[in-house]
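A.B. asks: sequence isn't available, so here's the structure alone:
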């Protein structure tokens, strides 16, 4: 592969056709495609899926040193579906009306994974735009599967957490104790770290649901060389009942084996849910094993509960490329009917699934 | 500043997997995010917005020297909404049926800001694709706010100018006296400059509105070291009455202070509108101040008129990064009811708005 | 947190603001815009079109050497409509319900041209994702116009071949005798080459059309220095009758002149179609001429048949930039009513069309 210097320039100097100071755009991404299968008591599903162990993405990022310990940075990151080449819709207003459910099959690329502008200094980082909510972080950070693929933690339920259960648009966030312009998960520095975010639903002040989609989220953690803990909570206003996420997670690294877990307590209006995950990763050379058990239960009629057991193996062909296999089984109780990998299963029936794939980072 | 490395290659040599001559892609863009507020007599709006002083964008551009004073160039430029990560629809046929109004919430990235292919030589530049219409240029070029943010000139009214008030698709344009493959606004060379464009609505020849969306636009200007002037006019055919834009603008640079203004006269079928802007920018070191007054009035019943006063301050942290504050107030008369920053105000009521943000170019 | 969980070397070093290892992304593309005209007995059409001799595209690709003769590669390639800046929808399920017909005007960029992840070794290449079906290749490879523009072979009829007539999503493919991670058409190495693909419609197992969109396709060829031949066949299951494509193509290179041809036999349920193309390209220095005759006939009532004659000229201004002119005429029989360049012509009437444009590769 031939590599060459690549001059990048600001709008002004491109337009003028002049030689310009070199700038800083880094292009990267992940393509992760797998063979996926799910079986349930009602219907099975076999498909070519994506993002089994890495979130398929194309991103444009950069950091500028402003001098005086100040920095500016941006991050534009799209979620890809490389099995078909489709992009993924974003959510513009932190409510159902701003997302995929309100779009007639929009396939185009958006920077829905993250779209931010940051200013940083010794006191921390101000970050504007769309990003993970701090109250989401503990789920992927303390999940051996990083909330990806068939093995992902069962402690996240979009029907409970709503449009802001993972990310929020129109956000103003502050971070302390994290690498500047870092991706949310796993970039905490040693010692205390804090993330706080407020975000807007952007309804008109005279609307019936004026406050819906407004919210705030905060996470406080401590990172040591061998362990870390963090607690987080968030609330999004919703005309039909506010949405709340509260969770606590931690990990301890024994060397070859790293154990982790988290507890969650969510609320959607009058419905309360709780869940847990216990898991581990083990790495020897190019081999990595992963295992977890996670469960989630709501106090809706019947107290539906599901418990998932997942095991996985990652074979690293290089730092950038890996092949992997993940298997999971989910047990439903109390009327729950969760199917894995798009299988459909009857209430209280079991579902199984596996992913067999390749992940390539660039 | 840092340098990124990318491998670049032509289509042919990528495909063959061979080492190739270096190619020519420049990636750049702007992320501009702000806190925005508008207040009106009926409803206020607070939101995280974008493009307060810079048009948020991601673009891929390049120029090839063909020898013999000939050059080829391309420009693919998307309009970003970095507060949510969404892209913005384009308009495919220069009519309402080809744009956002006809799409069910399409969020995906398009190269709607500009998508062009150019061939240039000593006699000028031939440019094909989608770009600003020449009859739009005077509005941003002679507006201290560049027609961006809450302070943008009030002399552009999409309800009057229609789908081609800013850009046209399916265009063939000729430019003389402008830097090759330059962005439209403000890239005129010294002396005479000319831009002329024809564009197609692309209806079938037996359609009732066969000519709708067809149009032409021309701009002639003169640029001197300290001043510039330009006049432009354009017409788009429309089955319900043609759309016309005519305007005249100029600027004089006193050194620290630059004054500018423009006059517009638009027509949409039987409705005629006229407007003006007077403004200035003042720059001292890293500080820039902006101010303008602009007004627009139509001869529709009641002669609705609105007058906007805007002031702004830009604090440059570097050539690429700035923080800014802009405030504006608009007064409505004759039944006009323009609200700033999405506020809703009653006919003849006032509206106020401000933007407080960060712009980062890369 | 282990690096392999989420983040990538590039992400980490961006975040830290440090100088990083070189990245491995190749950005390239084509912008091809033309003036197009079609005339028919009912309606003519004049428009600014694209992709007259090059498929307008923006792509991100890369190859990683894994050692031990192993390689990984990715290819993300979008189809552009640079006359308007729009992208093009993909098809997510190899059925009509997964493509443009089911979307309300989605304009956003998708990687619909190709979106793949490859692992390669001495025994060949495993390729996952969306790509050309092997049973499509003979049409562009053995067409002087590469199935682009007004001169493109008439042997492809989407109404017969359905959603998988060109590409398939959710595919697992194997290639032997082709350059690694190469683009499909024309990248066969000397000697035997094989392509085989299976793809999934991804319906639930209890759906009435459970198997629709599932399919397989295979192509076997031989490439010598001066000639090549290949035969291919494919079938996509469809609840209303399976879709089949079978074809055979070959070319011989006499030096200045290269002759080529192909035969096709398609089936859509009970309808069978057959077609042929005979063509040549001739290149002297920067000049290239192209000509072809192609025809397609189905056994639907009346045995509709159309025969197209096309001639073209390409003037290469450099390896990357060319201007071109193509003209074509189509004769309809048996009730066929094909119009060129969006013209509308009556059954059994003639249609003419031309493209006059510029292609720039980057």
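C.D. replies: Everything's here; your move. Remember, it's a predicted structure, so these values are computed and weren't measured experimentally. Residues are numbered from 1 along each chain as shown, chains lettered A, B, ... in the order given.

A.B. asks: neighbours of the residue in chain A positioned nearest to chain C, how many?
C.D. replies: The nearest approach of chain A to chain C comes at residue A:108, 1.3 Å away (C-beta to the nearest C-beta). All C-beta spots, glycine's among them, are computed from the backbone N, C-alpha and C. Residue A:108 has 30 neighbouring residues, counting by other C-beta atoms under 10 Å in any protein chain shown.

A.B. asks: with residue A:286 instead?
C.D. replies: When counting by other C-beta under 10 Å, one arrives at 13 neighbours for residue A:286.

A.B. asks: pretty sure it contacts residue A:313?
C.D. replies: No. Using C-beta atoms under 8 Å, residue A:286 is not in contact with residue A:313; the gap is 11.1 Å.

A.B. asks: now the closest residue to chain B within chain A, what's its secondary structure?
C.D. replies: Closest approach between chain A and chain B, counting by C-beta to the nearest C-beta: residue A:108, at 1.3 Å. When classified by DSSP: H, G, I helix; E, B strand; the rest coil, residue A:108 comes out as coil.

A.B. asks: then residue A:139?
C.D. replies: helix.

A.B. asks: cool, and residue A:159?
C.D. replies: For residue A:159, the assignment made with three-state DSSP gives helix.

A.B. asks: then residue A:101?
C.D. replies: With three-state DSSP as the basis, residue A:101 sits in helix.

A.B. asks: report whether stretch A:332-344 contacts chain C.
C.D. replies: Yes. Using C-beta under 8 Å from any C-beta of the partner chain, we find that stretch A:332-344 touches chain C at A:342, A:344.

A.B. asks: can you give the distance of stretch A:111-121 from its chain's centre?
C.D. replies: Relative to its parent chain, stretch A:111-121 has a centroid offset of 15 Å by C-alpha atoms, centre = their mean, to the nearest Å.

A.B. asks: where in chain A is pLDDT low?
C.D. replies: A:1-23, A:185-186 (pLDDT under 70).

A.B. asks: how does it look with 50?
C.D. replies: Along chain A, the model assigns pLDDT under 50 to residues A:1-22.

A.B. asks: in stretch A:123-141, which residues are buried?
C.D. replies: Buried residues in stretch A:123-141, counted by 16 or more other C-beta atoms under 10 Å in any protein chain shown: A:124-125, A:127-141.

A.B. asks: next step: those restricted to helices.
C.D. replies: Counting by DSSP state H, these place A:134-141 in helices.

A.B. asks: of these, which is the nearest to residue B:258?
C.D. replies: When these are compared for distance to residue B:258 (C-beta to C-beta), residue A:134 wins out at 44.3 Å.

A.B. asks: can you tell me the helix or strand for the closest residue to residue A:307 other than its chain neighbours?
C.D. replies: Distance criterion C-beta to C-beta, 6 or more residues apart in numbering or on different chains; nearest residue to residue A:307, sequence neighbours excluded, is residue A:295 at 4.2 Å. Taking DSSP states H and E as the criterion, residue A:295 maps to strand A:287-298.

A.B. asks: repeat that for residue A:309.
C.D. replies: Going by DSSP H and E, residue A:309 is part of strand A:305-316.

A.B. asks: against which helices or strands is that strand packed?
C.D. replies: When contacts are defined as 3 or more C-beta pairs under 8 Å, 6 or more residues apart in numbering or on different chains; DSSP states H and E, strand A:305-316 packs onto strand A:287-298, strand A:321-333.

A.B. asks: where's residue A:178 relative to residue A:219, distance?
C.D. replies: Separation of residue A:178 from residue A:219 (C-beta to C-beta, to the nearest Å) stands at 10 Å.

A.B. asks: what touches both of these two?
C.D. replies: residue A:195 (C-beta atoms under 8 Å, 6 or more residues apart in numbering or on different chains).

A.B. asks: the more surrounded of those two?
C.D. replies: The neighbour comparison of residue A:178 against residue A:219 (other C-beta under 10 Å) goes to residue A:219, with 27 against 23.

A.B. asks: where does the more buried one land in three-state SS?
C.D. replies: strand.
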